[in-house]
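Asks: Sharing a model prediction with you, sequence too.
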Amino acid sequence: MISFKNTEIAFQSLSDKKLQKKHLLFNIMRHSKLTRIGGYLIKIALHLRLPISPLLKHTIVDVFCGGETIDDCSAKINELASYNIKTVLDYSVEGKATEKDFKETTNQILQTITKAEKSTNIPFSVFKISSIGRIELLEKTNRKIDLSHEEQQEYNRVIHRVNKICKKAHQSKIPVMIDAEESWIQDVIDNITEGMMKAYNKEQAVVFNTLQMYRKDRLDYLKKIHQDSKLNGYFLGFKFVRGAYLEKENKRAKKMGYNTPIQTDKYDCDNDYDRALEYACENIHGISICAGTHNEESSRYLMQLMKTYKIEKNNTKVYFAQLMGMSNHISYNLANEGYNVLKYMPYGPIKDMLPYLVRRAEENKSIAGQTGRELNFVKKELNRRNSIV
């Protein structure tokens, strides 16, 4: 069985200088107060137009992002490809709310598909529906509240944008993953995504939904939609993740007095995650998988499932995926063994990516030991290199 402790393979793409930069950043991220204060100060500095973009570009953006434009990402895409790792370009601009912004984001997503058409190193595209439609509108629709005439027209424009992206993905044969979001807008996201699956997944999985397995209901949802896909003749694509809004979900549920949709404990979340992988592998003829996980045990378990169900390492129905700058010990060791591996590569204007970067920092804080584990692997590799000098 593969070892994820091989730091020489994990960090083979990083120079000593870049590894030391990563060590510094994870040291800072270990301290929740520093992360929170740092994010707040960066927001103020950018608002005041202080010249801190070059500093951010050469530190946090360099480690965790591809750059500000698609072209900026090319060098890192090629570098990852040299180690058998593919890229998912992720236009990570959040918090926008105007029609102009939504059109620009839609165009960017379409450009990532066009880029992928021209490169075997970019097998997927990805987007969030809230990046091309107002969250308030999605929430109102999710609650099944009647929309005004103007709101209905606005909602129709959201559907039009989603369809435009999925149609382009289908024509280009570049699968597109639709991200999961907060529970109070997820039903409408599921409904939209299911419609796109039924329209464009007739020959193969082009449109992928994302299941956050820290939710109590997602395993049942997987089984239910699988039955529907068999009845109605379409393929399924799923990205399985644990979830990115843990603290936010529990806090809102407590404040508003309803039962949290989140699992009781980590054991239940891990168990449902692995059961979802097993169900998908058991039904691999109709379900394509992207396992978005930084969890070593789940990665090992998927490898074992592939062996059990005789799924080849390079079968394009199964991908492992991690975020850029995170879990290199998983990504590079899997790729070294011939598995399909993706790195999510965020890009966009620095000031517009800040909400994404802050959210990722918050997510790492909520995962016990995540940042500490990353730091320990970096330290181990630095020590290994120092010992052979």
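Replies: Alright, I've got the coordinates.
Asks: contacts and neighbour counts: CA atoms only from here.
Replies: Will do.
Asks: Can you classify Cys290 by secondary structure?
Replies: When classified by DSSP: H, G, I helix; E, B strand; the rest coil, Cys290 comes out as strand.
Asks: cool, and Phe208?
Replies: The local conformation at Phe208, judged by three-state DSSP, is strand.
Asks: Neighbours of it, how many?
Replies: Phe208 has 29 neighbouring residues, counting by other C-alpha atoms under 10 Å.
Asks: Could you measure from Thr308 over to Lys115?
Replies: Distance, Thr308 to Lys115, using C-alpha to C-alpha, to the nearest Å: 36 Å.
Asks: okay, and for this structure, where does confidence drop off?
Replies: Low-confidence segments of the chain, defined by pLDDT under 70, are located at 31-48, 359-369, 389.
Asks: the strands in the protein, which residues?
Replies: For the chain, the strands defined by DSSP state E occupy 86-91, 124-127, 176-178, 207-212, 236-241, 287-292, 318-323, 341-347.
Asks: Take those and write them to TSV, including distance to Arg300.
Replies: Shown next, in TSV, are these (distance: least, C-alpha to C-alpha, whole Å):
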stretch	distance to Arg300
strand 86-91	20
strand 124-127	23
strand 176-178	23
strand 207-212	19
strand 236-241	15
strand 287-292	11
strand 318-323	11
strand 341-347	14
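Asks: so who does Phe208 touch?
Replies: With contacts defined as C-alpha atoms under 8 Å, 6 or more residues apart in numbering, Phe208 is in contact with Pro175, Val176, Met177, Ile178, Thr193, Met197, Leu236, Gly237, Phe238, Lys239.
Asks: Recalculate using a threshold of 7 Å.
Replies: The neighbourhood of Phe208, defined by C-alpha atoms under 7 Å, 6 or more residues apart in numbering, consists of Val176, Met177, Ile178, Leu236, Gly237, Phe238, Lys239.
Asks: among those, who's most crowded?
Replies: When neighbours are taken as other C-alpha under 10 Å, the top entry among these is Leu236 (28 neighbours).
Asks: Look up how far Arg218 lies from that one.
Replies: Taking C-alpha to C-alpha, one finds Leu236 at 15 Å from Arg218.
Asks: and what of Tyr347?
Replies: Going from Tyr347 to Arg218 by C-alpha to C-alpha gives 29 Å.
Asks: Likewise for Glu282?
Replies: Look at Glu282 and Arg218: by C-alpha to C-alpha, they are 17 Å apart.
Asks: More neighbours: these two, which one.
Replies: When neighbours are counted by other C-alpha under 10 Å, Arg218 comes out ahead of the other of Glu282 and Arg218, with 19 against 15.
Asks: Surely that one touches Leu211?
Replies: Yes - contact between Arg218 and Leu211 holds when scored by C-alpha atoms under 7 Å: they sit 6.4 Å apart.
Asks: separation between Gly195 and Val188?
Replies: Applying C-alpha to C-alpha, one obtains 11 Å for the distance of Gly195 from Val188.
Asks: my guess is Thr293 contacts Tyr319, does it?
Replies: No - look at Thr293 against Tyr319 with C-alpha under 7 Å: they stay out of range, at 10.6 Å.
Asks: returning to that earlier point: and the contacts of Phe208 as TSV, adding distance to Gly257?
Replies: Shown next, in TSV, are the contacts of Phe208 (distance: C-alpha to C-alpha, whole Å):
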residue	distance to Gly257
Val176	36
Met177	33
Ile178	29
Leu236	35
Gly237	34
Phe238	31
Lys239	30
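Asks: which of the residues you listed lies closest to Lys100?
Replies: Nearest to Lys100 among the contacts of Phe208: Ile178, at 21.0 Å, using C-alpha to C-alpha.
Asks: wouldn't the closest one be in contact with Ser130 here?
Replies: No - counting by C-alpha under 7 Å, Ile178 stays clear of Ser130, with 10.3 Å between them.
Asks: And Thr308 and Lys115? Which one has more around it.
Replies: Lys115 (18 against 12).
Asks: With Val162 as the reference, measure out to that one.
Replies: The spacing between Lys115 and Val162, counted by C-alpha to C-alpha, is 18 Å.
Asks: same thing with Thr316?
Replies: 24 Å.
Asks: and if you look at Gln227?
Replies: In this view, Gln227 and Val162 are 24 Å apart by C-alpha to C-alpha.
Asks: more crowded one of the two?
Replies: Applying other C-alpha under 10 Å to Gln227 and Val162 shows that Val162 carries more neighbours, namely 22 against 12.
Asks: Skipping its backbone neighbours, what lies nearest the more buried one in space?
Replies: Ile129 (7.4 Å; C-alpha to C-alpha, 6 or more residues apart in numbering).
Asks: Neighbours of that neighbour, how many?
Replies: Counted with other C-alpha under 10 Å, Ile129 comes out at 26.
Asks: gap between it and Glu249?
Replies: Per C-alpha to C-alpha, Ile129 is found 19 Å from Glu249.
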